[in-house]
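Peer 1: Take this sequence and fold it.
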Amino acid sequence: MPHGTMQKEQPCPSIIERKTGRLIQEEEYGQKAIYFLYHHFLGRLLLKMIFARPYFSFLRGLYYNSFLSKKDIAPFVEKYGLSKVLLKKNYQSFGAFFSRKEAVYLREAGKENTKENGEAWKEKLREKGQAGKRPFYATASGKLLTYKIDQEGKIIFPGNENNGKSNPLPLEIKGNAYSIEKILKAPCPEFLKGGTLLVFRLSLPDYHRYIFPTEGKLLRRKKIKGRLDSVRKEAAHFKAFSENKREVSLLELTGMGKILHVEVGAMLVGHIHNHFGSKTFSDKGDQNKKKNLGEKTTKFDRGYQQTFRFTAGEEKGYFSLGGSNIVELLNEKIVIDEDLFENTKKGLETKLEIGERIGYGKA
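Peer 2: Here you go, the predicted model:
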C-alpha cells in the first residue's frame, strides 16, 4: 500500500458470540482515529513520536482518573449496551468505572455469569467426578483466538498441524513474523511444545479484571518494558505481543503442569496490576529436588524466591484504562474445546465471558 493512501475499510462480521452463535461486528470509540494512526504515513509518524509513548497514556490517565471524567460514564454505558445498574453506582471517575470489580463465578460454557449457575456447574462437576478432567476456565472476558504450538515451538494456524505447514501468527509486518520467542524475549520452553496458544483481546467495553484459570501456584513473574501500541484489529494488534509493555507469569497448575500467562498493556493502559496468590511458600525445596533428579531448569525456573498458591477463579489482577490483551501458552496436557479452534480457522474471534469453561486437563 502506498504511504500516502488509506485502504477503504471493509466492515464485516468477524466475531462470533459463543453463547448464542450470533455473528457480530465490533465498534469502538475512536475506531477511525486508530485506523488513521496505523494505516496512513502521517498517522504512523504521529504514533511513533507521541501516541505510543508511555507519557501520552499517563497524561490521558490523569483526566480519566479525575472527577471531570464522570460525565463520560453514562454515554459509554448507553453506547455499548452495558447494564444500567452500573449507572446507580457512584464511581468517582471513568477510570474507577473502567477497573470496577464484579463477582465472577466458574460455570459451564454459555451459562450466564451468576452465582446460581456457578453453583449448579460445581455440583454438576461433582456428580460427574471429572475423572482426569479438571476444568480449565476463561481467564478474561473478551474475544478469543486459539492456535496450536508445534513440536518445534512454532505457532501453527489450526488445521495446519499435520500438513507440514508452519504458519506463525497469521500476520506479518514489514516481513516480521511474530513468534513465541518475540513474545517472551526468550526461547520457547520445552514444556510448551505440542501445546496451545490462546489470545484474549479485551476491548474497551469488556470487563478488565482477570482470573487464574484453575488452581495451582505462581512460580515466577517477569516484566518486559515496551511501547503502548493499540491492540485493536485496525492496529494490526499482533505486533503488540512482541513490542508492548507486558508481564509474564510462570504458573504450575494442579494436575495440568506448567503454563505461561502474559498480560499485554496497550494504548491508554498505564499499568498492569497483578496481585499475589492467597498463600505463600518457599520454592527452594522444589529446585533442589530437580537438581537431585538431574532435571534441567529453564530460564523461568532459576533463582530463589517465594511462590504463591491460588485457587480456580481467584482474581489475578486488572488493567488500567484502555484495551488490552492476555496471551496464555499452554502445555499439551490442557485440551481446549474444538469449537474455539474451528472459529479461528474461519477467521472469527470467539466472544466469551470470564469464568466459563473452555477446556480441561487430561490425565
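
Peer 1: Now do the strands in the stretch 1-150 of the chain.
Peer 2: Using DSSP state E, counting those that start in this stretch, the strands of the stretch 1-150 of the chain run over 15-17, 23-24, 134-137, 142-149.

Peer 1: Figure out which of the ones you listed is closest to Arg209.
Peer 2: Among these, strand 142-149 comes nearest to Arg209, with 11.4 Å by Cβ to Cβ. Where you see a C-beta, it was placed from the backbone N, CA and C, and this is true even at glycine.

Peer 1: Would you list the strands that the next helix or strand after the closest one pairs with, along with their directions?
Peer 2: Using DSSP states H and E, the next helix or strand after strand 142-149 towards the C-terminus is strand 155-156. If you go by DSSP bridges, strand 155-156 pairs up with strand 142-149 (antiparallel).

Peer 1: Need the residues that contact the strand it pairs with.
Peer 2: Here strand 142-149 makes contact (Cβ atoms under 8 Å, 6 or more residues apart in numbering) with 15, 26, 138, 155-158, 160-161, 169, 180, 188, 192-203, 206, 326, 329, 336, 340-341, 343-344, 349-352, 358.

Peer 1: picking up where we left off before, most tightly packed of the strands of the stretch 1-150 of the chain?
Peer 2: Among those, strand 142-149 has the highest mean neighbour count (mean count of other Cβ atoms under 10 Å), at a mean of 24.

Peer 1: can you list the strands of the stretch 1-150 of the chain in CSV and add mean pLDDT and distance to Arg107?
Peer 2: Shown next, in CSV, are the strands of the stretch 1-150 of the chain (pLDDT from 0 to 100; distance: least, Cβ to Cβ, whole Å):
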stretch, mean pLDDT, distance to Arg107
strand 15-17, 95, 16
strand 23-24, 92, 22
strand 134-137, 94, 9
strand 142-149, 93, 17
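
Peer 1: Out of the ones you listed, which is closest to Leu219?
Peer 2: With Cβ to Cβ, the closest approach to Leu219 among those belongs to strand 134-137: 18.1 Å.

Peer 1: which secondary structure elements does the closest one contact?
Peer 2: Applying 3 or more Cβ pairs under 8 Å, 6 or more residues apart in numbering; DSSP states H and E, we find strand 134-137 packed against strand 357-361.

Peer 1: May I ask which helix or strand of the chain has the lowest mean pLDDT?
Peer 2: Within the chain, no helix or strand scores below strand 172-173, which has a mean of 34 by mean pLDDT, DSSP states H and E.

Peer 1: Count the residues that sit near the closest residue to Thr196 other than its chain neighbours.
Peer 2: Closest residue in space to Thr196, ignoring its immediate chain neighbours: Leu330 at 4.5 Å, by Cβ to Cβ, 6 or more residues apart in numbering. When neighbours are defined as other Cβ atoms under 10 Å, Leu330 has 27 of them.

Peer 1: can you check the one 4 residues further on too?
Peer 2: By the other Cβ under 10 Å criterion, the neighbourhood of Ile334 contains 23 residues.

Peer 1: Would you check that it makes contact with Thr196?
Peer 2: Yes. With contact defined as Cβ atoms under 8 Å, Ile334 counts as touching Thr196 (6.6 Å).

Peer 1: which residues of the stretch 51-200 of the chain score low on pLDDT?
Peer 2: 51-61, 125-132, 160-178 (pLDDT under 70).

Peer 1: hmm, try it at 80
Peer 2: Along the stretch 51-200 of the chain, segments meeting pLDDT under 80 span 51-63, 122-133, 159-178.

Peer 1: can you give me the helices in it?
Peer 2: For the stretch 51-200 of the chain, helices defined by DSSP state H, counting those that start in this stretch occupy the ranges 54-64, 73-79, 94-98, 115-128, 180-184.

Peer 1: hey, what's Tyr137 bridged with?
Peer 2: Following DSSP bridges, Tyr137 is listed with bridge partners Arg357.

Peer 1: what domains does the record give for this protein?
Peer 2: The record's domain split for the chain, according to automatic domain parsing, is 28-98, 115-361.

Peer 1: looking at it, Ser14 is touching Leu348, isn't it?
Peer 2: Yes. Contact criterion Cβ under 8 Å: Ser14 and Leu348 qualify, at 6.3 Å.

Peer 1: between those two, who's got more neighbours?
Peer 2: Leu348 (19 against 15).

Peer 1: Identify the residues contacting the more buried one.
Peer 2: By Cβ under 8 Å, 6+ apart, the contact set of Leu348 is Pro13, Ser14, Ile15, Ile16, Leu23.

Peer 1: looking at the strands of the stretch 1-150 of the chain, which is closest to Thr307?
Peer 2: Smallest distance to Thr307 across the strands of the stretch 1-150 of the chain (Cβ to Cβ): 19.8 Å, for strand 134-137.
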